[in-house]
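J.: Structure, please.
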Amino acid sequence: MLVKVFGSAVFGVEATTITVEVNIDKGIGYHLVGLPDNAIKESSYRIAAALKNNGYEFPGKKITVNLAPADLRKEGSAYDLTLAVGILSASNQINATEVDQYVIMGELSLDGSLQPIKGALSIAIKAKEEGFKGFFLPIQNVKEAAIVDGLDVYGVENVLQVIDFFEGKGTLEPTKIDTHEEFYKTLDFPEFDFADVKGQESIKRCMEIAAAGGHNIILIGPPGSGKTMLAKRLPSILPPMTLNEALETTKIHSVAGKIKDVGLLNQRPFRSPHHTASSVSLVGGGSYPQPGEISLAHNGVLFLDELPEFKREVLEVMRQPLEDREVTISRAKFTITYPSSFMLVASMNPSPGGYFNDPDAPVSSSPAEMQRYLSKISGPLLDRIDIHIEVTPVPFEKLTETRPAESSVLIRERVTKAREIQSKRFEQYQSIHYNAQMTTKQIRTYCALDDSSLQLLKTAMERLNLSARAYDRILKVSRTIADLEASEVVKSNHIAEAIQYRSLDRDGWLG
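T.: Reported below is the predicted structural model:
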């Protein structure tokens, strides 16, 4: 008897429906075709034990299973439940007349219980698009899949629950989630708050500008000055994610298997890979491609602590994703594109010893040592960082201050207003949403300067030995400063403030 059941394969962040054809005939043997990997080939042992332990039999006949389309490579153990239901139905052990109306996925344990799968949200979205009635999956993944409206999502703990459902014996109910309630639940209660940071008012201002314009930023300062503490709080002042951004971010984390018993991700991601990270772990890839750190930071923040300690080739692979805001991984038989629109926040010490050229510092470094250390970072990468800021240690008086600092919620209100101005300004452009994404053409249009501002910028570039690459960056940042003040034009005071945020372009840093 021939039975068709449906599963799904995830490539990149999109799912493809897989038709699992199970045919049972006279003879003996188990034949699995359709480019399965080893995990799927081993499934017969798991399925046989799971069925035996739950009162059913693995048929001792000739079983042929085809995973269609047969030229598409299938991987992972998530097809166990699909195959088990197909075998039971084809051998007439269960009467599952509506099995072709559901997508069924899940890894079986030997006792018949289910293990979580990856990419549940992508599979649910595809199942709804293709008109399936429902989706059976492990209960650990049910919250992320239940985000999709118009699809009955059933979280199951054991293969028996699925069998009972198709035979009309069970009382399995679909999981319902109010997406809007889930989205707004913890929006105004960030885990890390700028209210916790003592002093560093100038750095907070810098962070506010970076968040308002989506600018990449690098913090340079000695150990203990608060670089990491400030960076961790940056997501709390970014504008709240839209529902579309939240779905996009959740989908990527779902594919990577990073979601644990949560529905919609409503906080912007913050990723902080260790400096021993490889190129593949950062941009994604592998024999079975998975999203890398830059894609997991999509719509959020990628924090690279101790930037010069990263291998140079690892940092260089980020140059193209920083510009294109997506990364394409090509293999002989397929090409996968992952979104990677993130804010880069980097921190570093000014020298190997960690301190500026200060005779009173515990470890002093000469200017030559500092420059050698800083030169580990390539010019093209620094080219893509708009704001460079020096972070100095907090004095004792500030550390012991009892007056509460400004909270992230208040700062975010100003940032959100500035972003709204930018959204309106760039509404005619499809790929530009905030100031950091402006091209040279838009800079000339929206950052026009009067004579006094031009003279100030010219003087600053000559006296401070600012490089030519700093010119556009200063204009972008000054446009954001003007937006924070709701100013339609860029004024000389905006230019003056933006000039301060180009430390590494000055003579004595990178030359």
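
J.: What pLDDT is listed against residue 294?
T.: Residue 294 carries a pLDDT score of 95 in this model.

J.: what helices or strands is the helix or strand containing it leaning on?
T.: Residue 294 belongs to helix 293-296 when assigned by DSSP states H and E. Counting contacts by 3 or more CB pairs under 8 Å, 6 or more residues apart in numbering; DSSP states H and E, helix 293-296 packs against helix 243-255, helix 279-283. All C-beta atoms are positioned from the backbone trio N, CA, C, and that covers glycine.

J.: Going toward the C-terminus from the first one, what's the next helix or strand?
T.: Downstream of helix 243-255, the first helix or strand assigned by DSSP H and E is strand 270-271.

J.: quick one: average confidence on that next one?
T.: The pLDDT scores in strand 270-271 average 94.

J.: other SSEs contacting it?
T.: strand 301-304.

J.: picking up where we left off before, can you list the neighbours in contact with the helix holding residue 294?
T.: 252-253, 256, 258, 269, 271, 273, 277, 281-284, 302, 318, 321, 327, 338-340, 342 (CB atoms under 8 Å, 6 or more residues apart in numbering).

J.: quick check: domain ranges of this protein?
T.: Here the chain is described, according to automatic domain parsing, as comprising the domains 2-177, 194-405.

J.: so how far is the first residue of the longest one from its last?
T.: Domain 194-405 has an end-to-end distance of 7 Å (CA to CA, to the nearest Å).

J.: go on, the shortest one?
T.: The distance separating the two terminal residues of domain 2-177, taken as CA to CA, comes to 36 Å.

J.: Now do that domain: distance to the chain's middle.
T.: How far domain 2-177 lies from its chain's middle: 28 Å, per CA atoms, centre = their mean, to the nearest Å.

J.: I figured residue 198 was touching residue 397, is that so?
T.: No: shown here, residue 198 and residue 397 do not form a contact pair, counting by CB atoms under 8 Å, at 9.7 Å.

J.: if you count what's nearby, which of the two comes out ahead?
T.: Ranked by neighbour count (other CB atoms under 10 Å), residue 198 and residue 397 place residue 198 first, with 17 against 9.

J.: that's a strand at that one, yeah?
T.: No: using DSSP: H, G, I helix; E, B strand; the rest coil, the secondary structure at residue 198 is coil, not a strand.

J.: rewinding a little: among the helices and strands packed on helix 293-296, which is nearest residue 459?
T.: Ranking the helices and strands packed on helix 293-296 by proximity to residue 459 (CB to CB) places helix 279-283 first, at 40.0 Å.

J.: Who are the packing partners of that closest one?
T.: Using 3+ CB pairs under 8 Å, 6+ apart, helix 279-283 sits against helix 293-296, helix 312-316.

J.: Show me which positions of stretch 420-430 end up buried.
T.: Judged by neighbour count (16 or more other CB atoms under 10 Å), stretch 420-430 contains these buried residues: 421, 422, 425, 426.

J.: What lies in contact with it?
T.: Contacts to stretch 420-430, defined as CB under 8 Å, 6+ apart, come from residues 213, 432, 433, 434, 435, 437, 442, 446, 483, 486.

J.: Swap in 7 Å and give it another go.
T.: Applying CB atoms under 7 Å, 6 or more residues apart in numbering, the contact partners of stretch 420-430 are 432, 433, 434, 435, 446, 483, 486.

J.: Find the nearest non-adjacent residue to the fifth one, please.
T.: Nearest residue to residue 446, sequence neighbours excluded (CB to CB, 6 or more residues apart in numbering): residue 479, at 6.1 Å.
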